[in-house]
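[1] Structure for this input, please:
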Amino acid sequence: MNEAQDNDLSQRILELRSEHRALDKALIALSDNLRIDDLQMQRLKKRKLFIKDSIDHLEHQRTPSLLA
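    Sure thing, here's the model as predicted:
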């Protein structure tokens with residue numbers, strides 16, 4: 001992986017982490033609401049999990065294989 005690709009991956013990881021934090025805040029705000037929208041809560045949780053998996057995948061791409 002060259003430096004430009006590594007920088008692109010790093011930038012994408014930062015963007016995903018930011019979105020993950022924003023979803024965390026949205027979930028907290030939604031749970032504080034007396035009229036919880038279960039469907040919206042479920043969608044936000046699924047999106048948050050997808051983002052976490054994407055971050056893990058990208059970080060794995062950045063880490064060189066120990067077997068190489």
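[2] so where does the residue most central in space within the chain fall, helix or strand?
    Centroid-nearest residue in the chain, with Cα atoms, centre = their mean: Ile51, separated by 2.9 Å. Here Ile51 sits within helix 38-62, counting by DSSP states H and E.
[3] how about that helix: buried residues?
    For helix 38-62, the buried set under the neighbour-count rule, 16 or more other Cβ atoms under 10 Å, comprises Leu44, Lys48, Ile51, Ile55, Leu58. Where you see a C-beta, it was placed from the backbone N, CA and C, and this is true even at glycine.
[4] thought the residue nearest to the centre of the chain was touching Leu23?
    Yes: between Ile51 and Leu23 there is a contact at 7.0 Å, judged by Cβ atoms under 8 Å.
[5] related to what we said a few turns ago, which two of the buried residues of helix 38-62 lie the greatest distance from each other?
    For the buried residues of helix 38-62, the maximum inter-member distance is 21.0 Å, found between Leu44 and Leu58 (Cβ to Cβ).
[6] Could you measure from Thr63 over to Asp6?
    11 Å (Cβ to Cβ, to the nearest Å).
[7] Those two: which has the busier surroundings?
    Using other Cβ atoms under 10 Å as the criterion, Thr63 and Asp6 rank with Asp6 on top: 12 against 8.
[8] Please name the spatially closest residue to the more buried one (chain neighbours excluded).
    Arg62 (6.3 Å; Cβ to Cβ, 6 or more residues apart in numbering).
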